[in-house]
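**Student:** sequence-free structure coming up:
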(Lines give C-alpha, C1' and ligand atoms only; values in the text may rest on other atoms or scores of the structure.)
Protein backbone atom coordinates (compact mmCIF):
# COMPACT_ATOMS: atom_id res chain seq x y z
CA UNK A 1 0.00 0.00 0.00
CA UNK A 2 1.46 3.40 -1.01
CA UNK A 3 2.31 5.95 1.63
CA UNK A 4 -0.15 8.72 0.57
CA UNK A 5 -3.09 6.30 0.69
CA UNK A 6 -1.90 5.09 4.11
CA UNK A 7 -1.79 8.67 5.38
CA UNK A 8 -5.31 9.32 4.09
CA UNK A 9 -6.55 6.14 5.68
CA UNK A 10 -4.98 7.00 9.05
CA UNK A 11 -6.37 10.53 8.85
CA UNK A 12 -9.94 9.31 8.19
CA UNK A 13 -9.70 6.54 10.80
CA UNK A 14 -8.45 9.02 13.40
CA UNK A 15 -11.47 11.20 12.71
CA UNK A 16 -13.90 8.30 12.97
CA UNK A 17 -12.17 6.00 15.46
CA UNK A 18 -9.93 8.04 17.72
CA UNK A 19 -9.42 5.35 20.31
CA UNK A 20 -8.34 2.77 17.87
CA UNK A 21 -6.14 5.35 16.15
CA UNK A 22 -4.54 6.39 19.43
CA UNK A 23 -3.72 2.78 20.17
CA UNK A 24 -2.29 2.39 16.75
CA UNK A 25 -0.19 5.56 17.10
CA UNK A 26 1.34 4.34 20.37
CA UNK A 27 2.88 1.30 18.72
CA UNK A 28 6.63 1.70 18.14
CA UNK A 29 6.55 -0.24 14.92
CA UNK A 30 3.96 2.12 13.47
CA UNK A 31 6.01 5.10 14.60
CA UNK A 32 9.14 3.66 13.00
CA UNK A 33 7.21 2.97 9.82
CA UNK A 34 5.86 6.55 9.80
CA UNK A 35 9.34 7.97 10.44
CA UNK A 36 10.85 5.81 7.71
CA UNK A 37 8.18 6.89 5.23
CA UNK A 38 8.67 10.54 6.23
CA UNK A 39 12.43 10.25 5.71
CA UNK A 40 11.85 8.56 2.36
CA UNK A 41 9.35 11.29 1.47
CA UNK A 42 11.82 14.04 2.44
CA UNK A 43 14.58 12.33 0.47
CA UNK A 44 12.34 11.96 -2.58
CA UNK A 45 11.19 15.55 -2.17
CA UNK A 46 14.78 16.85 -2.01
CA UNK A 47 15.87 14.67 -4.94
CA UNK A 48 12.85 15.73 -6.99
CA UNK A 49 13.46 19.40 -6.20
CA UNK A 50 17.16 19.05 -7.06
CA UNK A 51 16.41 17.18 -10.27
CA UNK A 52 13.73 19.71 -11.22
CA UNK A 53 16.10 22.63 -10.54
CA UNK A 54 18.89 20.87 -12.41
CA UNK A 55 16.67 20.21 -15.41
CA UNK A 56 15.30 23.76 -15.37
CA UNK A 57 18.85 25.17 -15.25
CA UNK A 58 19.94 22.76 -17.96
CA UNK A 59 17.03 23.76 -20.20
CA UNK A 60 17.65 27.45 -19.46
CA UNK A 61 21.38 27.08 -20.30
CA UNK A 62 20.57 25.19 -23.52
CA UNK A 63 18.03 27.84 -24.52
CA UNK A 64 20.48 30.67 -23.75
CA UNK A 65 23.26 28.90 -25.63
CA UNK A 66 20.91 28.34 -28.53
CA UNK A 67 19.87 32.03 -28.52
CA UNK A 68 23.39 33.42 -28.06
CA UNK A 69 24.94 31.00 -30.52
CA UNK A 70 22.81 32.30 -33.36
CA UNK A 71 22.31 28.81 -34.84
CA UNK A 72 18.95 29.71 -36.34
CA UNK A 73 17.92 26.52 -38.05
CA UNK A 74 14.50 24.98 -38.38
CA UNK A 75 15.66 21.45 -37.57
CA UNK A 76 17.54 22.56 -34.44
CA UNK A 77 14.52 24.61 -33.33
CA UNK A 78 12.16 21.63 -33.73
CA UNK A 79 14.60 19.38 -31.84
CA UNK A 80 14.92 21.96 -29.03
CA UNK A 81 11.15 22.39 -28.80
CA UNK A 82 10.64 18.63 -28.56
CA UNK A 83 13.33 18.47 -25.87
CA UNK A 84 11.63 21.22 -23.85
CA UNK A 85 8.21 19.54 -24.25
CA UNK A 86 9.67 16.24 -23.02
CA UNK A 87 11.22 17.98 -20.00
CA UNK A 88 7.93 19.80 -19.36
CA UNK A 89 5.92 16.56 -19.40
CA UNK A 90 8.54 14.97 -17.13
CA UNK A 91 8.29 17.92 -14.70
CA UNK A 92 4.51 17.62 -14.69
CA UNK A 93 4.67 13.90 -14.02
CA UNK A 94 7.18 14.38 -11.21
CA UNK A 95 5.19 17.21 -9.69
CA UNK A 96 1.94 15.26 -10.04
CA UNK A 97 3.48 12.30 -8.21
CA UNK A 98 4.33 14.41 -5.13
CA UNK A 99 1.95 17.36 -5.19
CA UNK A 100 -0.71 15.80 -3.03
CA UNK A 101 -3.41 15.41 -5.64
CA UNK A 102 -4.29 11.99 -4.25
CA UNK A 103 -4.64 13.44 -0.75
CA UNK A 104 -6.90 16.18 -2.07
CA UNK A 105 -9.04 13.59 -3.84
CA UNK A 106 -9.38 11.54 -0.65
CA UNK A 107 -10.24 14.69 1.31
CA UNK A 108 -12.99 15.53 -1.15
CA UNK A 109 -14.29 11.94 -0.85
CA UNK A 110 -14.24 12.28 2.95
CA UNK A 111 -16.15 15.57 2.84
CA UNK A 112 -18.73 13.92 0.60
CA UNK A 113 -19.11 11.09 3.13
CA UNK A 114 -19.49 13.63 5.94
CA UNK A 115 -22.25 15.49 4.13
CA UNK A 116 -24.07 12.31 3.21
CA UNK A 117 -23.88 10.61 6.63
CA UNK A 118 -24.40 13.85 8.68
CA UNK A 119 -21.52 13.11 11.08
CA UNK A 120 -21.65 15.40 14.14
CA UNK A 121 -18.64 14.26 16.14
CA UNK A 122 -15.86 11.82 15.55
CA UNK A 123 -16.28 10.20 18.97
CA UNK A 124 -19.91 9.17 18.57
CA UNK A 125 -20.06 5.46 18.08
CA UNK A 126 -21.77 5.53 14.71
CA UNK A 127 -22.06 2.57 12.50
CA UNK A 128 -20.55 2.88 9.07
CA UNK A 129 -21.56 0.91 6.09
CA UNK A 130 -18.99 -1.75 5.19
CA UNK A 131 -19.47 -1.11 1.48
CA UNK A 132 -18.36 2.52 1.87
CA UNK A 133 -15.54 1.92 4.32
CA UNK A 134 -14.38 -1.47 3.16
CA UNK A 135 -11.30 -0.06 1.53
CA UNK A 136 -10.34 1.58 4.86
CA UNK A 137 -10.58 -1.67 6.75
CA UNK A 138 -8.55 -3.35 4.05
CA UNK A 139 -5.93 -0.69 4.46
CA UNK A 140 -5.71 -1.25 8.19
CA UNK A 141 -5.48 -5.04 8.07
CA UNK A 142 -1.74 -4.98 8.43
CA UNK A 143 -2.02 -2.54 11.31
CA UNK A 144 -4.49 -4.68 13.27
CA UNK A 145 -2.35 -7.74 12.75
CA UNK A 146 0.47 -6.09 14.63
CA UNK A 147 -1.49 -6.23 17.87
CA UNK A 148 -0.28 -2.92 19.12
CA UNK A 149 -2.27 -1.12 21.81
CA UNK A 150 -3.13 2.50 21.32
CA UNK A 151 -2.72 4.97 24.25
CA UNK A 152 -4.45 8.20 25.08
CA UNK A 153 -1.56 10.38 23.76
CA UNK A 154 -1.61 8.78 20.34
CA UNK A 155 -4.11 11.22 18.87
CA UNK A 156 -1.87 14.20 19.72
CA UNK A 157 1.19 12.55 18.23
CA UNK A 158 -0.83 11.62 15.19
CA UNK A 159 -2.03 15.19 14.69
CA UNK A 160 1.55 16.47 15.09
CA UNK A 161 2.87 14.06 12.52
CA UNK A 162 0.02 14.89 10.16
CA UNK A 163 0.88 18.57 10.62
CA UNK A 164 4.47 17.82 9.65
CA UNK A 165 3.16 15.83 6.72
CA UNK A 166 0.88 18.72 5.71
CA UNK A 167 3.83 21.13 5.90
CA UNK A 168 5.84 18.81 3.71
CA UNK A 169 2.97 18.54 1.25
CA UNK A 170 2.53 22.34 1.36
CA UNK A 171 6.22 22.90 0.68
CA UNK A 172 6.00 20.35 -2.12
CA UNK A 173 3.04 22.27 -3.56
CA UNK A 174 5.11 25.47 -3.40
CA UNK A 175 7.93 23.78 -5.23
CA UNK A 176 5.47 22.49 -7.83
CA UNK A 177 4.04 26.00 -8.25
CA UNK A 178 7.59 27.32 -8.65
CA UNK A 179 8.28 24.59 -11.15
CA UNK A 180 5.06 25.41 -12.97
CA UNK A 181 5.99 29.13 -12.95
CA UNK A 182 9.39 28.29 -14.34
CA UNK A 183 7.77 26.04 -16.91
CA UNK A 184 5.44 28.91 -17.83
CA UNK A 185 8.45 31.14 -18.26
CA UNK A 186 10.03 28.43 -20.36
CA UNK A 187 6.85 28.22 -22.46
CA UNK A 188 6.94 32.01 -22.92
CA UNK A 189 10.56 31.80 -23.89
CA UNK A 190 9.70 29.02 -26.31
CA UNK A 191 6.91 31.13 -27.81
CA UNK A 192 9.29 34.09 -28.09
CA UNK A 193 11.86 31.80 -29.60
CA UNK A 194 9.28 30.46 -32.07
CA UNK A 195 8.33 33.99 -33.12
CA UNK A 196 12.00 34.93 -33.27
CA UNK A 197 12.62 31.75 -35.24
CA UNK A 198 9.92 32.75 -37.74
CA UNK A 199 11.36 36.25 -38.03
CA UNK A 200 14.86 34.84 -38.30
CA UNK A 201 13.63 32.36 -40.89
CA UNK A 202 12.21 35.25 -42.91
CA UNK A 203 15.48 37.13 -42.50
CA UNK A 204 17.34 34.01 -43.56
CA UNK A 205 15.13 33.74 -46.65
CA UNK A 206 15.81 37.38 -47.47
CA UNK A 207 19.50 36.84 -46.86
CA UNK A 208 19.49 33.66 -48.96
CA UNK A 209 17.78 35.51 -51.81
CA UNK A 210 20.31 38.32 -51.50
CA UNK A 211 23.17 35.83 -51.36
CA UNK A 212 21.82 34.02 -54.43
CA UNK A 213 21.66 37.31 -56.31
CA UNK A 214 25.15 38.23 -55.13
CA UNK A 215 26.36 34.75 -56.10
CA UNK A 216 24.94 35.23 -59.60
CA UNK A 217 26.61 38.62 -59.84
CA UNK A 218 29.86 37.16 -58.53
CA UNK A 219 29.64 34.29 -61.03
CA UNK A 220 29.11 36.77 -63.85
CA UNK A 221 32.03 38.85 -62.58
CA UNK A 222 34.17 35.72 -62.29
CA UNK A 223 33.34 34.73 -65.88
CA UNK A 224 34.17 38.26 -67.05
CA UNK A 225 37.42 38.16 -65.09
CA UNK A 226 38.27 34.77 -66.57
CA UNK A 227 37.63 36.12 -70.06
CA UNK A 228 39.77 39.15 -69.28
CA UNK A 229 42.47 36.87 -67.87
CA UNK A 230 42.44 34.77 -71.04
CA UNK A 231 42.62 37.92 -73.18
CA UNK A 232 45.47 39.27 -71.06
CA UNK A 233 47.22 35.91 -71.24
CA UNK A 234 46.94 35.80 -75.05
CA UNK A 235 48.11 39.40 -75.26
CA UNK A 236 51.01 38.57 -72.95
CA UNK A 237 51.96 35.57 -75.08
CA UNK A 238 51.81 37.70 -78.21
CA UNK A 239 53.85 40.39 -76.48
CA UNK A 240 56.42 37.82 -75.35
CA UNK A 241 56.71 36.55 -78.94
CA UNK A 242 57.08 40.09 -80.22
CA UNK A 243 59.64 40.81 -77.49
CA UNK A 244 61.66 37.75 -78.52
CA UNK A 245 61.45 38.85 -82.15
CA UNK A 246 62.46 42.37 -81.16
CA UNK A 247 65.37 40.97 -79.15
CA UNK A 248 66.52 38.97 -82.15
CA UNK A 249 66.18 42.02 -84.36
CA UNK A 250 68.05 44.12 -81.79
CA UNK A 251 70.85 41.59 -81.68
CA UNK A 252 71.03 41.62 -85.47
CA UNK A 253 70.93 45.41 -85.47
CA UNK A 254 73.70 45.50 -82.89
CA UNK A 255 75.84 43.27 -85.07
CA UNK A 256 75.05 45.39 -88.10
CA UNK A 257 75.69 48.52 -86.04
CA UNK A 258 79.10 47.19 -85.02
CA UNK A 259 79.97 46.38 -88.61
CA UNK A 260 78.64 49.78 -89.73
CA UNK A 261 80.72 51.45 -87.03
CA UNK A 262 83.79 49.63 -88.30
CA UNK A 263 83.02 50.65 -91.88
CA UNK A 264 82.24 54.20 -90.75
CA UNK A 265 85.58 54.36 -88.97
CA UNK A 266 87.28 53.24 -92.17
CA UNK A 267 85.21 55.76 -94.10
CA UNK A 268 86.14 58.50 -91.65
CA UNK A 269 89.78 57.60 -92.08
CA UNK A 270 89.38 57.77 -95.87
CA UNK A 271 87.49 61.06 -95.56
CA UNK A 272 90.22 62.45 -93.30
CA UNK A 273 92.85 61.35 -95.82
CA UNK A 274 90.83 62.95 -98.64
CA UNK A 275 90.49 66.10 -96.59
CA UNK A 276 94.21 66.20 -96.01
CA UNK A 277 94.76 65.72 -99.75
CA UNK A 278 92.27 68.46 -100.55
CA UNK A 279 93.97 70.73 -98.01
CA UNK A 280 97.31 69.99 -99.65
CA UNK A 281 95.79 70.75 -103.04
CA UNK A 282 94.35 74.02 -101.75
CA UNK A 283 97.69 74.96 -100.23
CA UNK A 284 99.45 74.17 -103.49
CA UNK A 285 96.85 76.21 -105.40
CA UNK A 286 97.40 79.10 -103.04
CA UNK A 287 101.18 78.82 -103.48
CA UNK A 288 100.74 78.65 -107.23
CA UNK A 289 98.53 81.73 -107.23
CA UNK A 290 101.14 83.54 -105.16
CA UNK A 291 103.90 82.51 -107.58
CA UNK A 292 101.74 83.60 -110.53
CA UNK A 293 101.21 86.97 -108.89
CA UNK A 294 104.93 87.32 -108.29
CA UNK A 295 105.66 86.36 -111.92
CA UNK A 296 103.09 88.89 -113.11
CA UNK A 297 104.72 91.58 -111.04
CA UNK A 298 108.14 90.60 -112.39
CA UNK A 299 106.74 90.60 -115.92
CA UNK A 300 105.29 94.07 -115.41
CA UNK A 301 108.61 95.28 -114.08
CA UNK A 302 110.39 93.79 -117.09
CA UNK A 303 107.90 95.38 -119.47
CA UNK A 304 108.54 98.74 -117.83
CA UNK A 305 112.26 98.22 -118.29
CA UNK A 306 111.71 97.31 -121.94
CA UNK A 307 109.76 100.50 -122.45
CA UNK A 308 112.54 102.49 -120.85
CA UNK A 309 115.05 100.72 -123.13
CA UNK A 310 112.95 101.54 -126.15
CA UNK A 311 112.84 105.17 -125.09
CA UNK A 312 116.59 105.19 -124.55
CA UNK A 313 117.11 103.45 -127.91
CA UNK A 314 114.99 106.05 -129.61
CA UNK A 315 117.06 108.78 -127.98
CA UNK A 316 120.26 107.07 -128.97
CA UNK A 317 119.02 106.58 -132.52
CA UNK A 318 118.09 110.24 -132.77
CA UNK A 319 121.50 111.20 -131.38
CA UNK A 320 123.16 108.75 -133.71
CA UNK A 321 121.35 110.17 -136.73
CA UNK A 322 122.41 113.64 -135.70
CA UNK A 323 126.00 112.51 -135.22
CA UNK A 324 125.84 110.53 -138.43
CA UNK A 325 124.65 113.51 -140.33
CA UNK A 326 127.40 115.50 -138.73
CA UNK A 327 129.92 112.81 -139.53
CA UNK A 328 128.64 112.57 -143.10
CA UNK A 329 129.18 116.13 -143.39
CA UNK A 330 132.60 115.81 -141.81
CA UNK A 331 133.88 112.63 -143.20
CA UNK A 332 132.02 110.38 -145.52
CA UNK A 333 134.85 107.89 -145.46
CA UNK A 334 134.46 107.04 -141.86
CA UNK A 335 130.70 106.45 -142.06
CA UNK A 336 130.96 102.78 -142.64
CA UNK A 337 133.24 102.34 -139.69
CA UNK A 338 130.94 104.32 -137.51
CA UNK A 339 127.90 102.40 -138.70
CA UNK A 340 129.66 99.12 -137.94
CA UNK A 341 130.68 100.40 -134.57
CA UNK A 342 127.14 101.52 -133.82
CA UNK A 343 125.76 98.17 -134.91
CA UNK A 344 128.20 96.40 -132.66
CA UNK A 345 127.25 98.63 -129.80
CA UNK A 346 123.60 98.07 -130.46
CA UNK A 347 124.04 94.32 -130.74
CA UNK A 348 125.95 94.24 -127.48
CA UNK A 349 123.20 96.18 -125.78
CA UNK A 350 120.22 94.44 -127.40
CA UNK A 351 121.20 90.76 -127.13
CA UNK A 352 121.04 90.56 -123.30
CA UNK A 353 117.78 92.43 -123.36
CA UNK A 354 116.35 90.00 -125.89
CA UNK A 355 117.58 87.06 -123.84
CA UNK A 356 116.01 88.56 -120.75
CA UNK A 357 112.75 88.98 -122.63
CA UNK A 358 112.87 85.37 -123.78
CA UNK A 359 113.50 84.10 -120.26
CA UNK A 360 110.65 86.21 -118.95
CA UNK A 361 108.35 84.86 -121.63
CA UNK A 362 109.42 81.31 -120.76
CA UNK A 363 108.71 81.90 -117.08
CA UNK A 364 105.30 83.35 -117.91
CA UNK A 365 104.51 80.36 -120.09
CA UNK A 366 105.67 77.92 -117.40
CA UNK A 367 103.54 79.79 -114.83
CA UNK A 368 100.54 79.48 -117.12
CA UNK A 369 101.16 75.75 -117.48
CA UNK A 370 101.47 75.29 -113.72
CA UNK A 371 98.32 77.33 -113.21
CA UNK A 372 96.44 75.17 -115.71
CA UNK A 373 97.78 72.06 -113.97
CA UNK A 374 96.60 73.39 -110.61
CA UNK A 375 93.22 74.20 -112.07
CA UNK A 376 93.02 70.69 -113.50
CA UNK A 377 94.02 69.30 -110.10
CA UNK A 378 91.01 71.12 -108.63
CA UNK A 379 88.87 68.61 -110.49
CA UNK A 380 90.11 65.94 -108.03
CA UNK A 381 87.83 67.36 -105.33
CA UNK A 382 84.53 66.34 -106.99
CA UNK A 383 86.13 63.01 -107.88
CA UNK A 384 87.05 62.49 -104.25
CA UNK A 385 83.56 63.58 -103.15
CA UNK A 386 82.14 61.08 -105.64
CA UNK A 387 84.31 58.34 -104.16
CA UNK A 388 83.13 59.40 -100.70
CA UNK A 389 79.49 59.13 -101.75
CA UNK A 390 80.25 55.73 -103.26
CA UNK A 391 81.85 54.60 -100.03
CA UNK A 392 78.87 55.91 -98.05
CA UNK A 393 76.50 54.08 -100.38
CA UNK A 394 78.48 50.88 -99.95
CA UNK A 395 78.42 51.34 -96.19
CA UNK A 396 74.67 51.86 -96.25
CA UNK A 397 74.12 48.66 -98.20
CA UNK A 398 72.36 45.91 -96.23
CA UNK A 399 74.75 43.23 -95.04
CA UNK A 400 73.97 40.08 -96.97
CA UNK A 401 76.45 37.26 -97.34
CA UNK A 402 77.92 34.07 -95.92
CA UNK A 403 81.09 32.03 -95.66
CA UNK A 404 80.67 28.24 -95.35
CA UNK A 405 83.33 25.54 -95.06
CA UNK A 406 83.24 21.85 -95.98
CA UNK A 407 85.86 19.19 -95.35
CA UNK A 408 85.96 16.28 -97.82
CA UNK A 409 87.91 13.36 -96.36
CA UNK A 410 89.73 10.44 -97.94
CA UNK A 411 86.95 8.97 -100.03
CA UNK A 412 84.94 11.87 -101.42
CA UNK A 413 82.32 9.50 -102.77
CA UNK A 414 81.10 8.57 -99.30
CA UNK A 415 80.99 12.17 -98.04
CA UNK A 416 77.88 14.25 -97.55
CA UNK A 417 78.06 16.73 -100.40
CA UNK A 418 75.10 18.93 -99.40
CA UNK A 419 75.62 20.01 -95.78
CA UNK A 420 78.56 22.06 -94.53
CA UNK A 421 80.73 21.49 -91.48
CA UNK A 422 80.86 25.09 -90.31
CA UNK A 423 79.54 28.54 -91.19
CA UNK A 424 81.96 31.33 -90.35
CA UNK A 425 79.43 34.11 -90.93
CA UNK A 426 75.85 34.31 -92.16
CA UNK A 427 74.71 37.94 -92.46
CA UNK A 428 70.94 38.06 -92.68
CA UNK A 429 70.59 34.30 -92.07
CA UNK A 430 69.81 33.47 -95.70
CA UNK A 431 72.18 30.47 -95.92
CA UNK A 432 71.10 27.04 -94.64
CA UNK A 433 73.92 24.96 -93.26
CA UNK A 434 72.13 21.60 -93.58
CA UNK A 435 71.18 21.98 -97.26
CA UNK A 436 73.89 24.38 -98.47
CA UNK A 437 71.30 26.59 -100.20
CA UNK A 438 71.58 30.41 -100.25
CA UNK A 439 68.40 32.38 -101.03
CA UNK A 440 69.02 35.90 -102.34
CA UNK A 441 66.94 38.45 -100.38
CA UNK A 442 67.44 41.42 -102.76
CA UNK A 443 67.95 42.15 -106.43
CA UNK A 444 71.57 43.04 -107.00
CA UNK A 445 75.10 42.19 -107.96
CA UNK A 446 76.66 39.42 -105.88
CA UNK A 447 80.33 38.44 -105.53
CA UNK A 448 80.69 34.63 -105.51
CA UNK A 449 83.89 32.88 -104.48
CA UNK A 450 84.93 29.21 -104.23
CA UNK A 451 88.32 28.27 -102.77
CA UNK A 452 89.64 24.70 -102.53
CA UNK A 453 92.70 23.39 -100.74
CA UNK A 454 94.07 20.01 -101.84
CA UNK A 455 95.46 17.99 -98.94
CA UNK A 456 96.15 14.73 -100.78
CA UNK A 457 99.65 13.40 -101.21
CA UNK A 458 99.04 12.03 -104.69
CA UNK A 459 100.55 13.78 -107.67
CA UNK A 460 97.78 12.95 -110.10
CA UNK A 461 96.35 15.83 -112.05
CA UNK A 462 92.74 15.06 -111.16
CA UNK A 463 90.07 17.38 -112.55
CA UNK A 464 86.99 17.60 -110.32
CA UNK A 465 83.85 19.21 -111.61
CA UNK A 466 81.83 21.59 -109.44
CA UNK A 467 78.57 23.13 -110.59
CA UNK A 468 76.89 26.20 -109.17
CA UNK A 469 73.16 25.91 -109.63
CA UNK A 470 70.78 28.83 -109.80
CA UNK A 471 67.14 29.04 -110.71
CA UNK A 472 67.94 30.43 -114.15
CA UNK A 473 71.65 29.71 -114.84
CA UNK A 474 73.92 26.73 -114.19
CA UNK A 475 77.62 27.49 -114.21
CA UNK A 476 80.24 24.72 -114.35
CA UNK A 477 83.68 25.27 -112.84
CA UNK A 478 86.66 22.93 -113.17
CA UNK A 479 89.17 22.58 -110.37
CA UNK A 480 92.61 21.08 -110.82
CA UNK A 481 93.67 19.13 -107.77
CA UNK A 482 97.32 19.14 -108.82
CA UNK A 483 97.72 22.60 -107.31
CA UNK A 484 97.42 22.98 -103.59
CA UNK A 485 95.17 26.02 -103.60
CA UNK A 486 92.73 27.21 -106.20
CA UNK A 487 90.24 30.07 -106.06
CA UNK A 488 87.51 31.06 -108.48
CA UNK A 489 85.75 34.41 -108.05
CA UNK A 490 83.18 36.12 -110.25
CA UNK A 491 80.15 38.45 -110.07
CA UNK A 492 76.61 37.54 -110.97
CA UNK A 493 73.31 39.37 -111.08
CA UNK A 494 70.88 37.47 -108.88
CA UNK A 495 67.20 38.28 -108.41
CA UNK A 496 65.41 38.29 -105.07
CA UNK A 497 64.23 34.82 -104.06
CA UNK A 498 66.65 33.03 -106.40
CA UNK A 499 68.55 30.08 -104.89
CA UNK A 500 72.28 29.42 -105.15
CA UNK A 501 74.09 26.19 -104.18
CA UNK A 502 77.04 23.95 -105.14
CA UNK A 503 76.81 20.46 -106.55
CA UNK A 504 79.88 18.26 -107.01
CA UNK A 505 80.13 15.52 -109.59
CA UNK A 506 79.72 11.88 -108.66
CA UNK A 507 83.24 10.76 -107.80
CA UNK A 508 84.43 7.30 -108.67
CA UNK A 509 86.17 4.85 -106.40
CA UNK A 510 89.66 5.94 -107.52
CA UNK A 511 89.22 9.47 -106.28
CA UNK A 512 91.18 9.51 -103.02
CA UNK A 513 91.61 13.23 -102.77
CA UNK A 514 91.16 15.16 -99.57
CA UNK A 515 90.26 18.78 -99.86
CA UNK A 516 88.74 21.69 -97.97
CA UNK A 517 86.08 23.77 -99.70
CA UNK A 518 85.28 27.39 -98.79
CA UNK A 519 82.10 28.73 -100.41
CA UNK A 520 81.16 32.42 -100.00
CA UNK A 521 78.82 34.99 -101.52
CA UNK A 522 78.32 38.73 -100.78
CA UNK A 523 75.98 41.46 -101.97
CA UNK A 524 78.03 44.33 -103.42
CA UNK A 525 75.36 46.44 -105.18
CA UNK A 526 71.58 46.65 -105.18
CA UNK A 527 69.03 48.00 -107.62
CA UNK A 528 65.30 48.18 -107.83
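**Tutor:** Nice, thanks for sending it over. Computed from a predicted structure; not experimentally measured.

**Student:** now do the contacts for the closest residue to residue 428 other than its chain neighbours.
**Tutor:** Once flanking residues are discounted, residue 428 sits nearest to residue 400: 4.8 Å by C-beta to C-beta, 6 or more residues apart in numbering. Where C-beta positions appear, they are placed from N, C-alpha and C, glycine not excepted. Going by C-beta atoms under 8 Å, 6 or more residues apart in numbering, residue 400 touches 427-428, 430, 440-442, 522-523.

**Student:** in helices, which of the residues you listed fall?
**Tutor:** Within the contacts of residue 400, no residue falls in helices by DSSP state H.

**Student:** which of the residues you listed lies closest to residue 51?
**Tutor:** The nearest member of those to residue 51, counting by C-beta to C-beta, is residue 428 at 102.7 Å.

**Student:** okay, the closest one: pLDDT?
**Tutor:** Residue 428 carries a pLDDT value of 89.

**Student:** repeat for the one 3 residues further on
**Tutor:** In the prediction, the pLDDT value recorded for residue 431 is 93.

**Student:** now do the same contact list for it.
**Tutor:** Here residue 431 is in contact with 402, 404, 423, 437-438 (C-beta under 8 Å, 6+ apart).

**Student:** give me that answer again for 7 Å
**Tutor:** Shown in contact with residue 431 (C-beta atoms under 7 Å, 6 or more residues apart in numbering): 402, 404, 423, 438.

**Student:** quick revisit: distance check, the residue nearest to residue 428 against residue 438.
**Tutor:** 9 Å (C-beta to C-beta, to the nearest Å).

**Student:** what residues are shared contacts of these two?
**Tutor:** What both residue 400 and residue 438 touch, as defined by C-beta under 7 Å, 6+ apart, is the set residue 430.

**Student:** of the contacts of residue 400, keep whichever come out buried.
**Tutor:** Neighbour-count burial within those applies to 427-428, 430, 440-442, 522-523; the criterion is 16 or more other C-beta atoms under 10 Å.

**Student:** let me know the closest of those residues to residue 50.
**Tutor:** For the buried ones among the contacts of residue 400, the residue nearest residue 50 by C-beta to C-beta is residue 428; the value is 104.3 Å.

**Student:** isn't the closest one up against residue 439?
**Tutor:** No: taking contacts as C-beta atoms under 7 Å, residue 428 lies outside contact range of residue 439: 9.7 Å.

**Student:** wait, is residue 399 part of a strand?
**Tutor:** No: per DSSP: H, G, I helix; E, B strand; the rest coil, residue 399 lies outside any strand segment and is coil.

**Student:** just checking, it touches residue 258?
**Tutor:** No: between residue 399 and residue 258 there is no contact under C-beta under 7 Å: 10.6 Å.

**Student:** more neighbours, these two?
**Tutor:** For residue 399 versus residue 258, neighbours defined as other C-beta atoms under 10 Å are more numerous around residue 399 (15 against 10).

**Student:** and that one, what's its pLDDT?
**Tutor:** At residue 399 the predicted local confidence, pLDDT, stands at 86.

**Student:** so what's it closest to, chain neighbours aside?
**Tutor:** Counting by C-beta to C-beta, 6+ apart, the residue nearest residue 399 is residue 427, at 4.1 Å.

**Student:** what's the one you found in contact with, if anything?
**Tutor:** Residue 427 touches 399-402, counting by C-beta under 7 Å, 6+ apart.

**Student:** looking at those, which is nearest residue 177?
**Tutor:** Distance ranking of those against residue 177, using C-beta to C-beta, places residue 399 first at 113.7 Å.
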